[in-house]
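**Student:** No sequence on hand, only this structure:
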C-alpha cells in the first residue's frame, strides 16, 4: 500500500505521549498514528456491525412471530 506524507497538529502532551510510546516500542510516530487510525477504524466497523445485527434480530423476530401467527391460523 502506498504511503502519503501529511501534516497534522495535535496537543503537546499527546506528542510527548506518542514519543514515549515510540521509544518503548521502537516504533516511529508515523507507525503509531497509522496503527491508531487502523484500530479506531476497526472498532468503528465493529460497532456498526453490532448495531446492524441487533436491528436485524428485531426484524427477524417480528417476521418469525408473524409466521407463527399465520401458521396457527392455518391450523385452526
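**Tutor:** Thanks, I have it. A quick note: this is a predicted structure, and the numbers were derived from the prediction, not measured. Residues are numbered from 1 along each chain as shown.
**Student:** Tell me how many other residues crowd residue 48.
**Tutor:** By the criterion of other CB atoms under 10 Å, residue 48 has 10 neighbours. (C-beta placed from N, C-alpha, C; glycine too.)
**Student:** Look at it and report its pLDDT.
**Tutor:** Looking at residue 48, its pLDDT is 91.
**Student:** for this structure, what are the low-confidence residue spans?
**Tutor:** Low-confidence segments of the chain (pLDDT under 70): 70-73, 75-76.
**Student:** Helices of that one, residue ranges please.
**Tutor:** In the chain, the helices defined using DSSP state H lie at 12-25, 29-75.
**Student:** Go through those helices and name the closest to residue 2.
**Tutor:** helix 29-75 (12.7 Å; CB to CB).
**Student:** Next, the angle from that closest one to helix 12-25.
**Tutor:** Here helix 29-75 runs at an angle of 90 degrees relative to helix 12-25 (axes from the mean of the first three to the mean of the last three CA atoms, to 10 degrees).
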